[in-house]
Structure formats: structure tokens, C-alpha cells
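Undergrad: Give the three-dimensional model of this entry:
(chains A and B)
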Amino acid sequence: MSAVTLSVHVSDVERLFREQNRALVAFLQCRLNSWSDAQEVAQEAYLRMLTMDNREEVDSLRSYLFKVAGNLAIDRLRKRKVRSEFAVVQSQDEPVDEHSPAHHAVAVEQVLGVRRALSELPAKTAQAFVMHVIEGREFSHVAQTMKLSERMVRYHVANALAHCRARVDETEVP
Amino acid sequence: MASKQQDQTMQVAAEWWTKLREPNADDDVVEQWLAWTAEDERHLQAFEQVSALAEQLGSLDQVSRHWLVRHFAKPVRPQRRWLPLAAAASIAAVMLSAALYIGWTQHAPKVAAQVYQSGIAQNRNFSLPDGTKVALGADSTLSVKYDSQERAIDVRSGEAYFEVVHDSRRPFVVTIGNVTVRDIGTAFDVRRTGERVMVAVTQGRVAIADRRSSANSRNTLEATAGQRVSYDPDASGMAVDSVTPAQATAWRSNRLEFIDEPLSVVIANLNRYTGTPVHVADANLNGMIYTGTVHTDAIDSWLDALPEVFPLQVNKQPGRVVLSDAKHAAR
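TA: Sure, this is the predicted structure:
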């Protein structure tokens, strides 16, 4: 790779970062359910963009960035399941943070709000939401257990999520 | 406080969140989502808010999580009258109803159950009359009752591995806690820790049923070699993930393998292998999730390393080991 194409490339990636980083991190947080993991994977995705050697074959750098990031997220989800024989690993990525008193206080507040919000919803809506978001079950698992289509499960989860967000915001800003 | 329009945006953001969650979502979905975020800066903001809430709720402490699951995601159980009266009901009561159930469904003449038991830190291997091989983990008890219709095994505590000689006229049925495992030509491992049950299939297939809902047979699933099924009375239904045969039977070679299991379960199983029982003093430690290996001949050094991964303190006392919250220990 010549120096000229590389420098053009760096500025491309810089622009992508400026314009797309917030959306990219939001996209990855959604996939990974972890903002800190999302930050890391986003960094890795930019690195991959810098070292790509098929620049000419790529139509849209933005699409390519999200594709690379999506694949890295899949790898990361897979790695979370892999365990080494001797390593002692906790499933939560930030155990210390999670067990800090400050974090706990926020969690308790939110649980109270969420309990109330969920009891205002139809039973199936609340069930689908708790199974997917709280228990971490995949949509397919929830669909099978509840004898619903995955589409219906997504519909219930989305309704509950929007409702809970609105209720939690009300309790946070009295 | 929130306007209608804000609510509407939040609703759309939540719908996008469920669409983008799918790891295999189409590239088009991502493009459409990006177009939506470009329409109005409040769109991405709303999306970030629902994502943040989902992340917080996905990493709740064990107590809150269990509470929410119990109240909102428990499967409906039609046979409630068969259950002991309250959650406080003892394991003994569950065992009694299990015994009655077997007694009423079998019309064969009374056959005395043969009980097998192993001591602490002692694995046992033996064969049953039909040639089925059994490896019994330490501090475990099972009873065997064969008649002309069925080969019934009841694992009352601990862990056992079976290599079953298949006989289609006389099914091999293992009852363990609230779960039954029916062999379809198989080798498998079962483990009971209180009311939690784990079944790992190393060869062939088994049918696993939650006995509490057996009437409508809704909670039955088939597991094949390489699958692990976990039953937790506090979760909705049984969870399936994967396990290698080597992991599932590692305990036969003095290694206890744990994959994403609460510390309470790890300690209870480790205690089957040590003469110096480990006691968890602070209940909040019980829910911490552990993945890893414990060598049963090196339990001491495993305990020494534990404070490096969990916020706890290990206190070795005469005759027992106490684990307590590192915060409390500072007193």
C-alpha cells in the first residue's frame, strides 16, 4: 500500500469517526448490552478500517464500518460463552462497578420503577420483556416458551421497553 | 410530563432496539435505522436511552432479577394443588409426593428400592442388574427400583453419570428433583444441588420433563449429545446450552467443572468433596456467577485464589471455612 492511499484512508476513517461514532456505539450497545464493550468494539472496528486492503471494492465506507462492527460484536458474544480451563472468570464484565454501593442504589430505584411499570402492562408483554431483557433469553427461546412468533415477542418487548423507559424517567425527574 | 410526541419517539426507538438486537439482522435494517437516526437528533437520543435502560436491567443483582422473574415470567402451572403449600416447603415434602406418585402409577407388585450412597470425597462406580453402568459422585444418594415395566432411578442428592443399556420395553427413567430424564439410548450426567438440577448428555438422546407441569407435557424437551439442560425453580423453564462430554464427566477425574453457575451451587458441590465444609456467611455472595475448574485434590489453593476474582474474604477456621463479603470483613 502506498503512502498516498494510506493518508487518504486515514482521513476517511477520521471523518467516519466524527460523523458516525455516536450511532456506531449505540448500535453496538444494543447488540452487546454493554456500553463499555461497545466502546472497545468500535475502536477495534476503526482499526480494521485502517488496515483494510480492499478499499476499492467497498462502495459505502459507512455500511462497511457497521458490517465490520456487527461481525466483531458477534465474535464478542461468542467469546463471552467460551471459558478457559484454568481461568476464573465472572460473567459480568465489570463486577467491581456493579457491586459498588452507588450502582446498587441506582439499581434499586430503577427496579422499583420497573416493577410498577411492568404491573401496568398486559401479562404477556411483561413476561416477554422480563425473559429477554432481565433473564437474557434470546427471542427464539422466548417465542418457543410463550408459544408466540418471534415477531410478536419483539412487539411485546418493544412496548414494555418504551413504557418502562417513560415510567423510569418520570420517577427520576419528579 | 412527557409529551405525546416524546412517547411516540420512545416507542419507535424501542421497536428499533428489538430489530437491531438480532445478530443476523439484514444490512438493510441497519441502513434504515441509520436513516431514522439522521432524521432528527432526538431519535438517536431516545435510542440511547432505551439501550441504556436495557443494559442496566440486564445486569441487575441476583435478588432483583429473581424477584422480577418470579412475578412476571413464571410459567403457569396447572397442577398447583400437587405442589407443597408454600415456598418454605422442605425438600422432604417434595420427595414424599414423588414417592406417592410413583407408588400410584405402578401397578406391579412391591419391589424394594435399592439405595446406593457414597461418602464425602468418594466417587463410586457400579453396574445395575441390566448392565447399565453408574458412576456416583461424592456425597450422593440414589435409589434404584426395577420392575417389569420400568427402570426407575431416583437421584436424591449429588451427582451421577449413567451409561444406559437401552431397552424399549422397559424405559430407563431418572427422577431428580422436579425433573425427569427419560433415556432414548444414551449416556448422561445428572446433578442435583438443592432444587436446581443439571442434566448433561454425553451420548445419544434423552427426554427431559418438568414434573410440575407433566399433565399437559408442555415443559418437555429432548436433549442430544453435547447439550446441557439446567433447571432452576426461580427461572422460567429450563435453559439449554452446550457442554463437552469431557466437561460433563470431569468430576470422575477429580475435576469439578462449572459453567456460568452461582457461587452457592459451586460451594454446595465442592462441599461434597471436602472434609472441611465451606460456609457462605453473606447471602449476597451466593448469586455471583462462576466459570472455571476446581481440582478436588487442591480445594485449599482454589479457596486461596477466590478473593482475587470475587469481592470476598476467606476465613479458615477449625473444621470449616467461612466466606464473607469483603466489605463486612473490613470491620
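Undergrad: what's the neighbour count on residue 72?
TA: All of this is about chain A. By other CB atoms under 10 Å in any protein chain shown, 21 other residues sit near residue A:72. C-beta here means a position set from N, CA and C on the backbone, and glycine is covered the same way.
Undergrad: right idea, wrong chain: chain B
TA: Neighbour count for residue B:72, taken as other CB under 10 Å: 23.
Undergrad: which stretches of the stretch 51-200 of chain B have low pLDDT?
TA: Scanning the stretch 51-200 of chain B for pLDDT under 70 picks out the ranges B:75-112.
Undergrad: ranges for the strands of it?
TA: Secondary structure of the stretch 51-200 of chain B (DSSP state E, counting those that start in this stretch): strands at B:114-117, B:124-127, B:133-136, B:141-146, B:151-163, B:172-176, B:179-183, B:187-193, B:196-203.
Undergrad: Looking at those, which is nearest to chain A?
TA: Closest approach to chain A among the strands of the stretch 51-200 of chain B (CB to the nearest CB): strand B:196-203, 14.9 Å.
Undergrad: Taking strand B:151-163 as reference, get the angle to the closest one.
TA: 60 degrees (axes from the mean of the first three to the mean of the last three CA atoms, to 10 degrees).
Undergrad: what's the domain layout of the chain?
TA: Just going to use chain A. As given by automatic domain parsing, the domain ranges for chain A are A:3-81, A:100-172.
Undergrad: I was thinking of chain B, sorry if that wasn't clear
TA: Split by automatic domain parsing, chain B gives B:4-59, B:74-250, B:254-331.
Undergrad: Give the next helix or strand downstream of the lengthiest helix in chain A.
TA: The longest helix of chain A (DSSP state H) is helix A:3-32. Later in the chain than helix A:3-32, the nearest helix or strand by DSSP states H and E is helix A:35-50.
Undergrad: Show me which residues of that following helix are buried.
TA: Of all the residues in helix A:35-50, those buried under the rule 16 or more other CB atoms under 10 Å in any protein chain shown are A:35, A:37-38, A:41-42, A:44-46, A:48-49.
Undergrad: And the furthest pair within those?
TA: The span of these, defined through CB to CB, is set by A:35 and A:49 at 21.2 Å.
Undergrad: now residue A:160: how far from residue A:64?
TA: Distance of residue A:160 to residue A:64, computed by CB to CB, to the nearest Å: 34 Å.
Undergrad: Which phi and psi values does the residue nearest to residue A:44 when sequence neighbours are not counted adopt?
TA: Spatial nearest neighbour of residue A:44, chain neighbours left out: residue A:72 (5.5 Å); criterion: CB to CB, 6 or more residues apart in numbering or on different chains. The phi and psi values for residue A:72, taken as degrees, to the nearest 10, are phi -60, psi -40.
Undergrad: and the end-to-end length of stretch B:220-235?
TA: For stretch B:220-235, the first and last residues are 16 Å from each other (CA to CA, to the nearest Å).
Undergrad: Low-confidence ranges, chain A, go.
TA: Low-confidence segments of chain A (pLDDT under 70): A:1-8, A:81-111, A:171-174.
Undergrad: how about the helices of it, start to end?
TA: Using DSSP H, helices in chain A cover A:3-32, A:35-50, A:61-81, A:95-99, A:101-119, A:123-129, A:139-146, A:150-172.
Undergrad: among those, which is nearest residue B:156?
TA: helix A:139-146 (28.8 Å).
Undergrad: roughly how far is that closest one from the heart of the chain?
TA: 20 Å (CA atoms, centre = their mean, to the nearest Å).
Undergrad: Show me what from the stretch 201-331 of chain B comes close to chain A.
TA: Within the stretch 201-331 of chain B, the residues that sit near chain A (CB under 8 Å from any CB of the partner chain) are B:235-237, B:239, B:241, B:259-260, B:288-293, B:305-306, B:308-311.
Undergrad: how about the residue nearest the centre of chain B, what does it touch?
TA: In chain B, the C-alpha closest to the average C-alpha coordinate belongs to residue B:230, at a distance of 3.4 Å (CA atoms, centre = their mean). Residues near residue B:230 by CB atoms under 8 Å, 6 or more residues apart in numbering or on different chains: B:196-199, B:238-241.
Undergrad: could you dump these to JSON lines with distance to residue B:54 and neighbour count?
TA: JSON lines is the format used below for the contacts of residue B:230 (distance: CB to CB, whole Å; neighbours: other CB atoms under 10 Å in any protein chain shown):
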{"residue": "B:196", "distance to residue B:54": "27", "neighbour count": "21"}
{"residue": "B:197", "distance to residue B:54": "30", "neighbour count": "25"}
{"residue": "B:198", "distance to residue B:54": "29", "neighbour count": "25"}
{"residue": "B:199", "distance to residue B:54": "31", "neighbour count": "25"}
{"residue": "B:238", "distance to residue B:54": "24", "neighbour count": "20"}
{"residue": "B:239", "distance to residue B:54": "20", "neighbour count": "17"}
{"residue": "B:240", "distance to residue B:54": "23", "neighbour count": "14"}
{"residue": "B:241", "distance to residue B:54": "22", "neighbour count": "12"}
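Undergrad: Of these, which is the nearest to residue B:150?
TA: Nearest member of the contacts of residue B:230 to residue B:150, counting by CB to CB, is residue B:199, at 18.6 Å.
Undergrad: How about residue B:152: what's its closest non-neighbour residue?
TA: Nearest residue to residue B:152, sequence neighbours excluded (CB to CB, 6+ apart): residue B:145, at 4.6 Å.
Undergrad: Distance of that neighbour relative to residue B:128?
TA: Residue B:145 is 11 Å from residue B:128, by CB to CB.
Undergrad: between the two, what contacts are shared?
TA: With CB under 8 Å, 6+ apart, residue B:145 and residue B:128 have common neighbours residue B:151.
Undergrad: picking that back up, now, of the domains of chain A, which is deepest in the fold?
TA: domain A:100-172 (a mean of 19; mean count of other CB atoms under 10 Å in any protein chain shown).
Undergrad: hmm, that one touching chain B?
TA: Yes. Counting by CB under 8 Å from any CB, chain B has neighbours in domain A:100-172: A:104, A:106-108, A:110-111, A:114-115, A:118, A:123, A:126-127, A:129-131, A:133-137, A:139, A:145, A:154-155, A:157-159, A:161-162, A:164-166, A:168-170.
Undergrad: Please work out how many residues are found near residue B:160.
TA: Using other CB under 10 Å, residue B:160 has 25 neighbouring residues.
Undergrad: how close does the residue lying closest to it once chain neighbours are set aside get to residue B:276?
TA: Nearest non-adjacent residue to residue B:160, counting by CB to CB, 6+ apart: residue B:136, 5.1 Å away. Applying CB to CB, the value for residue B:136 to residue B:276 is 22 Å.
Undergrad: Residue A:54 too?
TA: On the measure of CB to CB, residue A:54 and residue B:276 end up 61 Å apart.
Undergrad: Over to residue A:37?
TA: As defined by CB to CB, residue A:37 lies at a distance of 39 Å from residue B:276.
Undergrad: Over to residue B:74?
TA: According to CB to CB, residue B:74 stands 38 Å off from residue B:276.
Undergrad: What of residue B:172?
TA: 37 Å.
Undergrad: Looking at those two, which is more packed in?
TA: Using other CB under 10 Å as the criterion, residue B:172 and residue B:276 rank with residue B:172 on top: 24 against 14.
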